[in-house]
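> Let me see the structure of the following:
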Amino acid sequence: MSFSQAVSGLSAASSNLDVIGNNIANSATAGFKSSTISFADMFAGSNVGMGTKVAAVIQNFNDGTTTTTSRGLDVALSGNGFFRMTDASGAVYYSRNGQFTLDENRNLVNTQGLSVTGYPATGTPPTIQTGANPVALSVPTTQMSARATTTATQVANLNSTSTALDDTAFDASNVDTYNAKSTVTVYDSQGNDHALDLYYVKTADNTWTVHAMDSTTGTSAGDFQAVFDENGNMTSLGGVAGATSVALSINGTNGAAAGQTITLSMSGSLQQNTGTTTFGNPTQDGYAPGDLTSYAINDDGTITGTYSNQQTQLLGQIVLASFSNPEGLQSEGDNVWSATSSSGQAAIGLANTGTYGSLTSGALEASNVDMSQELVNMIVAQRNYQANAQTIKTQDQILNTLVNLR
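Next up is the predicted model:
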């Protein structure tokens, strides 16, 4: 019986060394989770055991160290969760390795070609469809379409000491017929830019007429009056008490829509003795079409594209999967796992929500192998192997003594 006990010990020690060797071999594998071996003794109806056996190989899902790579498609996952991936047949796998890249079709994949899944971005402007079925994410090179301006803002601080002028003599080409001018660049439905010039004419104390001209087409966009109180606060705009915005209209060029309405807000505008009329930086919500120039994965898992028109656009959002028992996952190699009945079904969610972990863009989760501990474990496993071999040697000597008895 001692032979079988020792042989089982040799086999167990060898398996332990295999696990330790695999841990050490993957100490530089991003997202790798180290394993430990669990042993169980064997009995057969007596108090004398028959040796040992490998009961299980248990994976350690504690976090590895987050290391910075500064690569836009690298993502480190800290805390609970796994990246959800699919292969060409639709089979689902899970991974902690956030080394992503683009394939020939610009799909977001891992280094083995599995597609990273997440929520799609749809609509205009695109928004994340949270709760939709996860789909394979991609970074398309589709041009961002132009957006017509619908709202604009211009904050004015009009000089109260300006000389009142005869508004009927206004001429955009004659600077002596108006007191001040500002310009807001707006866009029509095809992304053509228009210079919306605003000419300010003081017609009486606390009263100004504003002439809006589209200098691109040479047409009027509308006229309106701004009235201020004795403290210089605006009390009405466009003849409406308490209003802070007015509707203007421009005509598109090169076949763009005609009669495009733009709501101009002048909220916060004042009339005071500033010595000169000043204007804040104008804003508006339109833009010209643009080509994709760069892309990145953000800390919340969203993928954003940056375009040549200085705009950014959502392209999708990576989802995470969590399990009630991660140790029940089946290792499939290539740094991925598959779900089993022991792991339970995957729950899908987003980073930084609920029990899901956090993401760090431009970084990777390193292997969680503790090299110093593995080397100590190796020494222990080696001694264990030697001791079991010594048991065989001793048993052999005992048998040899018995055989040589006369």
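> Specify the local secondary structure of Pro7.
That one is not Pro; residue 7 is Val. At Val7 the chain is in helix, as set by DSSP: H, G, I helix; E, B strand; the rest coil.
> ignore the last one, Thr52
Strictly by three-state DSSP, Thr52 counts as strand.
> Kindly state the domain boundaries assigned to the chain.
2-62+367-403, 66-144+291-365, 151-284 (automatic domain parsing).
> Adding mean pLDDT, write those domains out as CSV.
Converted to CSV, the domains of the chain look like this (pLDDT from 0 to 100):
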stretch, mean pLDDT
domain 2-62+367-403, 86
domain 66-144+291-365, 93
domain 151-284, 96
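> Redo those domains as TSV? Include mean neighbour count.
Glycine gets a C-beta too; all of them are placed from N, C-alpha and C. Below are the domains of the chain laid out as TSV (neighbours: other C-beta atoms under 10 Å):
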stretch	mean neighbour count
domain 2-62+367-403	15
domain 66-144+291-365	17
domain 151-284	17
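> Just list what the longest helix belonging to the chain packs against, helices and strands only.
The longest helix of the chain (DSSP state H) is helix 371-403. Packed against helix 371-403 by the contact rule (3 or more C-beta pairs under 8 Å, 6 or more residues apart in numbering; DSSP states H and E) you find helix 2-25.
> Please name every helix or strand in contact with the helix it packs on.
Helix 2-25 packs on strand 35-42, strand 51-59, helix 371-403, going by 3+ C-beta pairs under 8 Å, 6+ apart.
> Can you check what angle separates the longest helix of the chain from strand 51-59?
Angle of helix 371-403 versus strand 51-59, following axes from the mean of the first three to the mean of the last three C-alpha atoms, to 10 degrees, is 170 degrees.
> Run the angle between helix 371-403 and strand 35-42 for me.
Computed by the same axes, to 10 degrees, the angle between helix 371-403 and strand 35-42 is 30 degrees.
> Return the angle between stretch directions for helix 371-403 and helix 2-25.
160 degrees.
> how far out from the middle of the chain is helix 371-403?
53 Å (C-alpha atoms, centre = their mean, to the nearest Å).
> and Val246, what is it in contact with?
Taking C-beta atoms under 8 Å, 6 or more residues apart in numbering, we find Val246 in contact with 222, 224, 237-238, 263-264, 266.
> same question but for Gly242, I mixed them up
The contact partners of Gly242, by C-beta under 8 Å, 6+ apart, come to 235-236.
> And it, how far from Asp18?
80 Å (C-beta to C-beta, to the nearest Å).
> same question, Asn281
66 Å.
> what do you get for Thr149?
67 Å.
> repeat for Phe32
For Phe32, the distance to Asp18 equals 16 Å [C-beta to C-beta].
> Same check on Tyr356?
Tyr356 is 33 Å from Asp18, by C-beta to C-beta.
> Same question for Ala180.
Counting by C-beta to C-beta, the gap from Ala180 to Asp18 is 82 Å.
> One more: Phe279?
Taking C-beta to C-beta as the measure, Phe279 and Asp18 are separated by 74 Å.
> what about Asp223, is that helix, strand or coil?
Asp223 is classified as strand under three-state DSSP.
> do the same with Asp299
Relying on three-state DSSP, one would call Asp299 coil.
> ok, now which ones touch it?
351-352, 358-361.
> got it, and Thr130?
Going by C-beta under 8 Å, 6+ apart, Thr130 touches 119, 317, 350.
> Contacts only, for the last one.
Listed by C-beta under 8 Å, 6+ apart, the contact partners of Leu350 are 130, 300-301, 317, 319-320, 356.
> and with 7 Å instead?
301, 317, 319-320, 356 (C-beta atoms under 7 Å, 6 or more residues apart in numbering).
> what does the second one give?
Remark: with contacts taken as C-beta under 7 Å, 6+ apart, Gln317 is in contact with 118-119, 128, 301-303, 350.
> got TSV for these, with secondary structure and distance to Gly275 too?
Listed next are the contacts of Gln317 as TSV, based on DSSP: H, G, I helix; E, B strand; the rest coil; distance: C-beta to C-beta, whole Å:
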residue	secondary structure	distance to Gly275
Gly118	strand	56
Tyr119	strand	54
Ile128	strand	49
Gly301	coil	52
Thr302	strand	47
Ile303	strand	50
Leu350	coil	53
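> Could you identify the most distant pair in the residues you listed?
Ile303 and Leu350 (12.9 Å; C-beta to C-beta).
> which helices and strands does the helix or strand where Thr185 lies pack with?
Counting by DSSP states H and E, the element that carries Thr185 is strand 180-187. Judged by 3 or more C-beta pairs under 7 Å, 6 or more residues apart in numbering; DSSP states H and E, strand 180-187 is in contact with strand 193-204.
> please redo it, this time with the cut-off set to 8 Å
So strand 180-187, by 3+ C-beta pairs under 8 Å, 6+ apart, packs with strand 156-159, strand 193-204, strand 283-284.
> Can I get the ones you listed in JSON lines including distance to Ala387?
As requested, these are exported to JSON lines (distance: least, C-beta to C-beta, whole Å):
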{"stretch": "strand 156-159", "distance to Ala387": "89"}
{"stretch": "strand 193-204", "distance to Ala387": "83"}
{"stretch": "strand 283-284", "distance to Ala387": "78"}
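> Of all these, which one is nearest Ala296?
Of the helices and strands packed on strand 180-187, nearest to Ala296 by C-beta to C-beta is strand 283-284, at 24.8 Å.
> what's across from Met213 in the sheet?
Asp197, Ser220 (DSSP bridges).
> who are the neighbours in contact with it?
172, 196-199, 219-221.
> What's the per-residue pLDDT of Arg406 here?
Confidence at Arg406, expressed as pLDDT, is 61.
> just Met1 next, same as before
For Met1, pLDDT reads 52.
> surely Phe170 meets Thr177?
Yes - Phe170 is in contact with Thr177 according to C-beta atoms under 8 Å; the separation is 4.9 Å.
> re earlier: can you pick out the most distant pair from the contacts of Leu350?
Checking these against each other with C-beta to C-beta, the farthest-apart pair comes out as Gln317 and Tyr356, at 12.5 Å.
> Let me have the helices and strands packed on helix 2-25 in JSON lines, adding distance to Gly255 as columns.
JSON lines is the format used below for the helices and strands packed on helix 2-25 (distance: least, C-beta to C-beta, whole Å):
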{"stretch": "strand 35-42", "distance to Gly255": "66"}
{"stretch": "strand 51-59", "distance to Gly255": "62"}
{"stretch": "helix 371-403", "distance to Gly255": "67"}
